[in-house]
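Q: what shape does this take:
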Amino acid sequence: MYLPKHFVPDEDAVRELLADQGTSDLITMTPEGLVATALPFEYDPEAGEHGALIGHMARGNDQWRRSVRGEAMVIVRGPEAYVTPSWYPAKQEHHRVVPTWNYITAHVYGQLVVHDDPAWIESQIRRLTDRHEAGRAEPWSVDQAPARFVERQLRAVVGVEVVISRVEAKFKLSQNQPQGTIEGVVAGLEARGRADDAAVAAAVRAHDPHAARAGRREH
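A: Model prediction:
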């Protein structure tokens, strides 16, 4: 990953991204070539030295059967948004500005472990479901489905786990821009209101290096 130093997040931010991820891409190099599957993962920080990503895929998806050459990779994505140069104060001064894209992502590398075990899969599915049902007035639970139906569903999937060896994360959130530009980006995102704009605006504000330096001076 191309990773300029001003876009490198701290470990807490990376853990938060892994814990709150939605659908991510599991990518493996096999003897037949690259294979990828979009999967919802759960982050287990207690597994191994660096944690693990746990998930499941359809038994009919043969990615889990194929031998893996080297490490597996999971591409995790956070919110993203197009940034127009019209939000930059410099546009009014000299017009030497260009569009960009703000985004949050992580490349997670590790050993792929297959779990063809209904108990392991059920535990993973319960954990995944509970996280996404949290906050609903009447959260759905696996226990609401008939037991025999659940058993059949569990036989139709296979558990997968990526035991993490390393993570390369990039939070590209205008940190290399002057304060006025960052403020313009935040205001523009909040006013535009497209999908992900509010989340990106909050992330730009949270990772504003000028605000961080001002906070240190105050203390």
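Q: make it CA atoms for all contacts and neighbour counts henceforth
A: OK.
Q: so what touches whichever helix in the chain runs longest?
A: Using DSSP state H to define each element, the chain has its longest helix at helix 118-133. Helix 118-133 has contacts (Cα atoms under 8 Å, 6 or more residues apart in numbering) with 41-42, 54-56, 115, 139-142, 151, 154-155, 157-159.
Q: measure how far it is from the centre of its chain, please.
A: 19 Å (Cα atoms, centre = their mean, to the nearest Å).
Q: how about stretch 47-60?
A: Distance, centroid of stretch 47-60 to centroid of chain: 14 Å (Cα atoms, centre = their mean).
Q: which positions in it come out as buried?
A: Neighbour-count burial for stretch 47-60 flags 51-57, 59 (criterion: 16 or more other Cα atoms under 10 Å).
Q: hang on, residue 16 in a strand?
A: No. Under DSSP: H, G, I helix; E, B strand; the rest coil, residue 16 falls outside any strand and is assigned helix.
Q: what is the mean pLDDT for the longest helix of the chain?
A: Computed over helix 118-133, the mean pLDDT rounds to 96.
Q: now swap in stretch 197-215 and tell me
A: On average, stretch 197-215 scores 87.
Q: please renumber the chain so that the first residue is 41 from this point on.
A: Right, with 41 as the first residue, what we last looked at is stretch 237-255.
Q: and which of the buried residues of stretch 87-100 is nearest residue 127?
A: residue 93 (37.7 Å; Cα to Cα).
Q: any idea which element that closest one lies in?
A: Using DSSP states H and E, residue 93 maps to strand 92-98.
Q: any idea of the angle that strand forms with helix 158-173?
A: Calculated by axes from the mean of the first three to the mean of the last three Cα atoms, to 10 degrees, strand 92-98 forms an angle of 100 degrees with helix 158-173.
Q: residue 166: neighbour count?
A: Residue 166 has 13 neighbours, counted by other Cα atoms under 10 Å.
Q: got it, and the one 10 residues further on?
A: Other residues near residue 176 come to 8 when the count uses other Cα under 10 Å.
Q: what's the answer for residue 110, then?
A: Neighbours of residue 110 using other Cα under 10 Å come to 13.
Q: tell me the confidence at it?
A: The model reports residue 110 with a pLDDT of 96.
Q: phi, psi for the closest residue to it other than its chain neighbours please.
A: Nearest in space to residue 110, with sequence neighbours left out and distances taken as Cα to Cα, 6 or more residues apart in numbering, is residue 69 at 7.3 Å. Backbone torsions for residue 69, taken as degrees, to the nearest 10, come to phi -90, psi 120.
Q: doesn't residue 109 make contact with residue 69?
A: Yes. If you go by Cα atoms under 8 Å, residue 69 and residue 109 touch, sitting 5.4 Å apart.
Q: can you give me the angle the helix or strand harbouring residue 191 makes with helix 158-173?
A: Per DSSP H and E, residue 191 falls inside helix 187-195. Angle, helix 187-195 to helix 158-173, by the same axes, to 10 degrees: 100 degrees.
Q: for helix 187-195, the distance to its chain's centre please.
A: Worked out by Cα atoms, centre = their mean, helix 187-195 lies 29 Å from the chain centre.
Q: ok, the residue lying closest to residue 91 once chain neighbours are set aside to residue 59 distance?
A: Spatial nearest neighbour of residue 91, excluding adjacent residues (Cα to Cα, 6+ apart): residue 85 at 4.1 Å. Plainly put, residue 85 is 9 Å away from residue 59 if you go by Cα to Cα, to the nearest Å.
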